[in-house]
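K.L.:
give me coordinates for this.
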Amino acid sequence: MLLPVLQIKNLSILFGTDGKPATALSGIDLTINRGEVVAIVGESGSGKTITSLALLQLLPEAAIVATGEILFYKNGSNDKPIDLLKENEGSIRKIRGNSISMIFQEPMTSLNPLKKCGEQVAESLRIHKNISVKEALKQTAELFDLVQLPDPEGMLYRYPHEISGGQKQRVMIAMAMSCNPDILIADEPTTALDVTVQKTILQLLKNLQAKNNMSIIYITHDLGLVADIADRVVVMYRGQIIEQGNVTQIFTNPQKPYTRALLSCRPTPASKGKRLPVINDFLNAQGFSNAEIVNEQLQTNYDAATLNANKHAVLGLSEKEIPILQVENLKVYFPVERSFLGKVTKYFKAVDDVSFEIGNGETLGLVGESGCGKTTLGRTLIRLIDPYAGRILFAGKNIAEIDKESLRRKRKNIQIIFQDPYGSLNPRMTIGDALNEPMKAHHILPNDKSRKEKIIHLLEKVQLKPDHFNRYPHEFSGGQRQRICIARALGLSPEFIICDESVSALDVSVQAQVLNLLNDLKSELGFTCIFISHDLSVVHYISDRIMVMNKGKIVETGTADEIYFNPQEKYTQGLIASIPKVHF
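P.N.:
Purely as a prediction, here's the structure:
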């Protein structure tokens, strides 16, 4: 017999804006059983995260709970449940992190930059378990080892800025699991993780769930992950639950066009070279049959003829063509130990003697595990990090040696889309001002009026609305913020774009739209691109060639199909083997 641990009844939440409240959730009814893994899927802004924040009274000040109750059966279904919406601050604090814990979507802003990672996790243990500092640090190190952080003991004493995005996320996962909660809310917990760690974390969550009979609410846009971890799937659209069922039902016989769209928007090996379907294709025309969607979703192999045909379609460099970017023996070293007199005695080699070329108009994918040096390499190419040694030739000019004023002018043609959309936007600037600022600085168009027209066009290109022009970053979801950052980078019509995990925060439909947009813009504008990601399916879809990076070195390079279907290095083979696959 299934025993409920949580019941959400008729939950409706409004956001007050200018006297006209907007509906965020409308009549949500949902039961979570003890020991069950329930996945909540849907587009960015569909209400997934708002639902989870309501459980812990973490809603923004502008939120108004219009109707509903959230019943938590802490000691079993026979006891009187607690209405989480009515608990006072003192009571809800005892529940947060202890009985109900949450892994937040954005690790960059969830960790205190002034405290060491170990101290932050140990603090949670000490509050809820009443143990000594020494014991808390010991248990923290064990948790860090459990989530596969490198050097768990050393990680205790590192600050968040000293570790990669994926490592920050693992610290957050360790913190959330520290007190063995009854309910674990996992809000996109593996978005920032490479596929090998992602696979390990999912297995870890499943093991802990089985060991402790823990319930998990798993919020994600990646339906491949849903198939691996969930017992039941809940599909949300515009603040409502439109469909739910067990995993097999949802994947093999989805009832709603919206659900069918979510299943079909994910890049697959068969979709390379084709335009990805998006949500509107299904809502407007209900474009594919169920059988076509399932076959597209499950297809994971090419025959030899298809593979060879695609090789000929890959954009390569002709003998006469001069590469737009040449990187020669690039090294980026960070000091980690110094002598008594301050002389550096040990370096961390983030990028270690890397050389490669990119042809004009080519898209080069860069993949590897978290902490391998991908982001450091991308930032060094635009001189946000100065190299230790080596040359970076852009259109024949060495960026590593030019002065600041020349570099500022050069950056008009070299743009970067950062991994973290939260830290990339000024919270005090409207979206319109944020997009207008770089265009104005580089004298794009004669006046603010013409720039505003271009900005609105860019916002519509990334599926945002014209009235978003006057809104602030905190009024948008994580995926919407990332789309704003993409629009800002495109505003200068650059020749070269570095996409650092630029679609990792996006749900599958918007991801498809952005990938289609990038392909369209590549055809229209002919820009060159380095596409950095841990998602090999996306990298294979968008890239002409792929470079694989491990521990600061490039270990393998080849066409997208060669790397995806016939990797030579054992490290690359491990990455490919870890890609989530759906099998029914």
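K.L.:
where does Ile416 land in three-state SS?
P.N.:
strand (DSSP: H, G, I helix; E, B strand; the rest coil).
K.L.:
let me know how buried it is, in neighbour terms.
P.N.:
By other C-beta atoms under 10 Å, 24 other residues sit near Ile416. Using the backbone N, CA and C atoms, a C-beta is placed for each residue, glycine as well.
K.L.:
which residue packs closest to it, ignoring adjacent ones?
P.N.:
Distances taken as C-beta to C-beta, 6 or more residues apart in numbering put Ile498 closest to Ile416, at 4.3 Å, once the chain neighbours are dropped.
K.L.:
can you list the strands that the helix or strand harbouring the one you found pairs with?
P.N.:
Using DSSP states H and E, Ile498 sits within strand 496-500. As defined by DSSP bridges, the strand partners of strand 496-500 come to strand 414-417 (parallel), strand 528-532 (parallel).
K.L.:
now it, how far from the chain's geometric center?
P.N.:
For strand 496-500, the distance from its own C-alpha centre to the chain's C-alpha centre is 16 Å (C-alpha atoms, centre = their mean, to the nearest Å).
K.L.:
shaky segments in this structure?
P.N.:
Residues of the chain meeting the criterion pLDDT under 70: 1, 17-19, 75-78, 107-108, 191-193, 284-322, 478, 505, 581-584.
K.L.:
distance check, the residue in it sticking out farthest from the centre against Tyr347.
P.N.:
No residue in the chain sits farther from the centre than Leu341, which is 42.2 Å out by C-alpha atoms, centre = their mean. From Leu341 across to Tyr347, the span is 17 Å (C-beta to C-beta, to the nearest Å).
K.L.:
kindly report the same for Met214.
P.N.:
Applying C-beta to C-beta to Met214 and Tyr347 gives a distance of 42 Å.
K.L.:
quick one, which of those two is more surrounded?
P.N.:
A count of neighbours by other C-beta under 10 Å puts Met214 above the other of Met214 and Tyr347, at 21 against 15.
K.L.:
not counting sequence-adjacent ones, nearest residue to Asn33?
P.N.:
Leu2 (4.2 Å).
K.L.:
show the contacting residues for the one you found.
P.N.:
Asn33, Arg34, Glu36 (C-beta atoms under 8 Å, 6 or more residues apart in numbering).
K.L.:
which of those residues has the largest number of neighbours?
P.N.:
Glu36 (21 neighbours).
K.L.:
close enough to count as contact, that residue and Met214?
P.N.:
No - Glu36 is not in contact with Met214 according to C-beta atoms under 8 Å; the separation is 9.6 Å.
K.L.:
can you count the residues close to Phe418?
P.N.:
Neighbourhood size, Phe418 [other C-beta under 10 Å]: 22.
K.L.:
which residues are in contact with stretch 339-352?
P.N.:
For stretch 339-352, contacts defined as C-beta under 8 Å, 6+ apart pick out 330-338, 373, 376-377, 380, 387-388, 551-553.
K.L.:
and those, which are buried?
P.N.:
Leu330, Lys331, Val332, Tyr333, Gly373, Thr376, Leu377, Thr380, Pro387, Tyr388, Gly552 (16 or more other C-beta atoms under 10 Å).
K.L.:
any idea what Thr559 is bridged to?
P.N.:
Thr559 has these beta-bridge partners by DSSP bridges: Arg545.
K.L.:
quick one: Val538 and Ala560, what's the gap?
P.N.:
11 Å.
K.L.:
Leu25 is in contact with Gly47, correct?
P.N.:
Yes - between Gly47 and Leu25 there is a contact at 5.0 Å, judged by C-beta under 8 Å.
K.L.:
buried residues in whichever helix or strand Arg451 is part of, which are they?
P.N.:
Using DSSP H and E, Arg451 maps to helix 448-461. Buried residues in helix 448-461, counted by 16+ other C-beta under 10 Å: Arg451, Lys452, Lys454, Ile455, Ile456, Leu458, Leu459, Lys461.
K.L.:
what's the answer for stretch 160-173, then?
P.N.:
Within stretch 160-173, the residues that count as buried by 16+ other C-beta under 10 Å are Pro160, Ile163, Ser164, Gly165, Gly166, Gln167, Lys168, Gln169, Arg170, Val171, Met172, Ile173.
K.L.:
and stretch 52-70, by the same measure?
P.N.:
Quick answer for stretch 52-70 (16+ other C-beta under 10 Å): Ser52, Leu53, Ala54, Leu55, Leu56, Gln57, Leu59, Ala63, Val65, Ala66, Gly68, Ile70.
K.L.:
got the contact list for the closest residue to Ile456 other than its chain neighbours?
P.N.:
Distances taken as C-beta to C-beta, 6+ apart put Pro466 closest to Ile456, at 4.7 Å, once the chain neighbours are dropped. Residues near Pro466 by C-beta under 8 Å, 6+ apart: Ile456, Leu459, Glu460.
K.L.:
and these as JSON lines, adding distance to Met236?
P.N.:
Converted to JSON lines, the contacts of Pro466 look like this (distance: C-beta to C-beta, whole Å):
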{"residue": "Ile456", "distance to Met236": "28"}
{"residue": "Leu459", "distance to Met236": "24"}
{"residue": "Glu460", "distance to Met236": "24"}
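K.L.:
closest one to Gly423 out of these, please.
P.N.:
The closest of the contacts of Pro466 to Gly423 turns out to be Leu459 (C-beta to C-beta; 20.6 Å).
K.L.:
these two touch, right, the closest one and Lys465?
P.N.:
Yes - counting by C-beta under 8 Å, Leu459 touches Lys465, with 7.0 Å between them.
K.L.:
now the helix or strand containing Ile486: how far from the chain's centre is it?
P.N.:
Assigned by DSSP H and E, Ile486 belongs to helix 478-490. Relative to the chain's own centre, helix 478-490 is displaced by 13 Å; criterion: C-alpha atoms, centre = their mean.
K.L.:
so what secondary structure elements neighbour that helix?
P.N.:
Judged by 3 or more C-beta pairs under 8 Å, 6 or more residues apart in numbering; DSSP states H and E, helix 478-490 is in contact with strand 414-417, helix 421-424, helix 431-441, helix 448-461, helix 508-525.
K.L.:
would you tell me which one of those is buried the most?
P.N.:
Counting by mean count of other C-beta atoms under 10 Å, strand 414-417 has the highest mean neighbour count of the helices and strands packed on helix 478-490, with a mean of 24.
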